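Chemist: here is a sequence with its predicted model. Questions after.
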Amino acid sequence: MKRWMTALAAAVVIVNGGCVQRVLTPAEEEPEEGPPSRSAIAVRFGDLLSDPFNREVLMNGMQFQHLPHPDSLALFFSDSVQECSQPLIGQGPDGLVLPPAPYAFWQIAFFIPPELNRPGLIDLRDLRVTSYGIVWDTSRGGATFVGGGTWGALGGDVEKTLEIVSSDASSVSMKLDWGTPPWRIEINGQPYKPDLDLGGDYTATYCGDPPPQIPPSPGRAIPGAALAAPPGGPIPDPDVLHLFLGSGAESCADPWSSIACTGTTRVTLSLPPAYQKPGILDLTDPAIAASFTHSWSSADCTADELVTGVFDGGTIEILSIDASGVSCRVYGSHNELTNGAFDADGLYTASSCP
């Protein structure tokens with residue numbers, strides 16, 4: 001791999017409600033051609049942080065973000081060569097190591113939390129996904145970004161997806177649907193819209209052992225005949241199966257208990273008899289009466305911190321259903337009522353209550 005020279009850091013600013021941008025100045029050097037092909041590598045996030053330099057770069061960028069879980073899947077995509085020994089292109093222990101002009105490059109990374117690391121579609125706007133990006137333009141220099149969802153990788157808030165097609169102990173196969181970012185950035189005071197159409201099929205080789213996969217998130221499946229009426233609500237239809245899904249603990253004894261001041265989320269929906277079978281249902285279907293509740297925080301809690309609402313899109317796929325419970329997958333639950341903070345996408349196993 002060609003040796004890149006060190007450039008100077010020019011500034012650090014905060015953009016897009018917490019996305020961290022670092023602006024870099026161009027290097028003066030004779031033209032040198034860079035590698036043309038795209039590549040992808042995969043690393044367990046905790047292993048990435050075991051290197052002191054990687055930890056310093058990412059921790060500094062994430063000082064205003066939620067730090068990814070150590071068992072998160074770190075996926076790096078670039079049009080340049082990427083090496084397991086130094087996944088962060090353009091960064092080096094002695095400073096910012098950038099390619100000489102006129103070579104331009106990009107690199108983005110997504111840190112996928114354990115609950116989303118499984119085959120299936122991932123909405124990259126999900127703020128549980130942290131993203132990192134670096135762009136280098138020949139005449140303007142470059143900038144690095146870290147943020148929640150797609151913001152950190154220059155993606156804006158337009159829906160972009162990553163599908164994990166398959167994975168094994170050595171690699172993970174993916175399909176990235178990215179498109180072109182809809183907004184401009186500034187590099188050294190000059191407007192610049194990077195042409196990062198990164199979409200396509202990728203196979204990322206693991207650097208080290210892959211992160212472990214965790215079981216599906218738990219939930220509860222309660223028949224209407226065994227369910228008390230919700231506070232101020234009607235008596236449930238005895239033939240309807242009610243699902244309680246979310247990031248908090250769900251109780252058979254008191255499924256309607258408030259999640260206020262817990263920092264958790266809840267999705268509730270009802271399955272009439274005709275819907276109690278495998279298939280894909282729209283979360284907007286009035287027949288299932290799907291709704292969500294989002295608690296902002298368990299700290300400094302106020303009376304109005306709880307947000308409730310109905311979905312404006314998304315699906316729930318019933319994978320299996322029997323007397324023991326329901327296995328299902330939620331996708332597209334991203335909701336703007338919470339400024340994107342609510343997202344219940346993932347795989348669930350809702351155990352039946354007696």
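Modeler: Yep, that arrived.
Chemist: where do the helices sit along the protein?
Modeler: 45-49, 52-61 (DSSP state H).
Chemist: elements contacting the first one?
Modeler: What that stands for is helix 45-49. Packed against helix 45-49 by the contact rule (3 or more C-beta pairs under 8 Å, 6 or more residues apart in numbering; DSSP states H and E) you find helix 52-61, strand 73-78. Every C-beta, even on glycine, is put in place using the N, C-alpha and C of the backbone.
Chemist: any idea of the angle the longest one forms with strand 73-78?
Modeler: Put plainly, it is helix 52-61. Using axes from the mean of the first three to the mean of the last three C-alpha atoms, to 10 degrees, the inter-axis angle of helix 52-61 relative to strand 73-78 is 90 degrees.
Chemist: for the stretch 101-250 of the chain, what are the low-confidence residue spans?
Modeler: 101-103, 137-143, 150-158, 179-197 (pLDDT under 70).
Chemist: avg pLDDT for stretch 254-270?
Modeler: For stretch 254-270, the mean per-residue pLDDT is 89.
Chemist: show me what counts as buried in that stretch.
Modeler: P255, I259, A260, C261, T262, T265, R266, V267, T268, L269, S270 (16 or more other C-beta atoms under 10 Å).
Chemist: what's the closest non-adjacent residue to M174?
Modeler: With C-beta to C-beta, 6 or more residues apart in numbering as the criterion, M174 has its nearest non-adjacent residue at 5.0 Å, and that residue is Y202.
Chemist: what's the neighbour count on that neighbour?
Modeler: Other residues near Y202 come to 21 when the count uses other C-beta atoms under 10 Å.
Chemist: for D239, same thing?
Modeler: 12.
Chemist: show the pLDDT at the residue nearest to it when sequence neighbours are not counted.
Modeler: Leaving out its chain neighbours, the residue that sits closest to D239 by C-beta to C-beta, 6+ apart is P273, at 5.4 Å. With respect to pLDDT, P273 scores 97.
Chemist: go on, the one 5 residues further on?
Modeler: What the model reports for P278 is a pLDDT of 97.
Chemist: now the helices and strands packed on helix 45-49 as JSON lines including mean pLDDT, mean neighbour count and distance to I316?
Modeler: Supplementary listing: the helices and strands packed on helix 45-49 in JSON lines, determined by pLDDT from 0 to 100; neighbours: other C-beta atoms under 10 Å; distance: least, C-beta to C-beta, whole Å:
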{"stretch": "helix 52-61", "mean pLDDT": "75", "mean neighbour count": "16", "distance to I316": "34"}
{"stretch": "strand 73-78", "mean pLDDT": "94", "mean neighbour count": "24", "distance to I316": "24"}
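Chemist: and of the ones you listed, who's closest to R118?
Modeler: Nearest of those to R118, taken as C-beta to C-beta: strand 73-78 at 9.8 Å.
Chemist: who touches the closest one?
Modeler: Strand 73-78 is contacted from outside by 38-45, 48, 68, 82, 87, 89, 105-112, 114, 117, 162, 172, 174, 176, 198, 202, 204, 210-211, using C-beta atoms under 8 Å, 6 or more residues apart in numbering.
Chemist: neighbours of the residue nearest to D239, how many?
Modeler: P273 has 10 nearby residues by other C-beta under 10 Å.
Chemist: tell me, what residue is most central in this protein?
Modeler: For the chain, the residue nearest the mean C-alpha position is V129 (2.3 Å; C-alpha atoms, centre = their mean).
Chemist: quick one on the thing from earlier: the residue nearest to M174 contacts S173, correct?
Modeler: Yes. Counting by C-beta atoms under 8 Å, Y202 does reach S173; the two are 7.4 Å apart.
Chemist: V326 touches S320, doesn't it?
Modeler: Yes. Applying C-beta under 8 Å, one finds V326 in contact with S320, separated by 7.3 Å.
Chemist: so can I have CSV of the helices of the chain showing distance to I122?
Modeler: Shown next, in CSV, are the helices of the chain (distance: least, C-beta to C-beta, whole Å):
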stretch, distance to I122
helix 45-49, 15
helix 52-61, 20
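Chemist: so which of those is nearest S166?
Modeler: Relative to S166, the nearest member of those by C-beta to C-beta is helix 45-49, separated by 20.7 Å.
Chemist: now the strands: where do they sit in the stretch 151-300 of the chain?
Modeler: 161-167, 171-177, 185-187, 190-192, 200-206, 217-223, 241-246, 265-271, 279-282, 291-295 (DSSP state E, counting those that start in this stretch).
Chemist: switch those strands over to JSON lines; also include distance to S351.
Modeler: What follows is those, written out as JSON lines (distance: least, C-beta to C-beta, whole Å):
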{"stretch": "strand 161-167", "distance to S351": "26"}
{"stretch": "strand 171-177", "distance to S351": "30"}
{"stretch": "strand 185-187", "distance to S351": "47"}
{"stretch": "strand 190-192", "distance to S351": "52"}
{"stretch": "strand 200-206", "distance to S351": "33"}
{"stretch": "strand 217-223", "distance to S351": "6"}
{"stretch": "strand 241-246", "distance to S351": "10"}
{"stretch": "strand 265-271", "distance to S351": "15"}
{"stretch": "strand 279-282", "distance to S351": "20"}
{"stretch": "strand 291-295", "distance to S351": "20"}
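Chemist: pretty sure A229 sits against D237.
Modeler: No. Taking contacts as C-beta under 8 Å, A229 lies outside contact range of D237: 11.1 Å.
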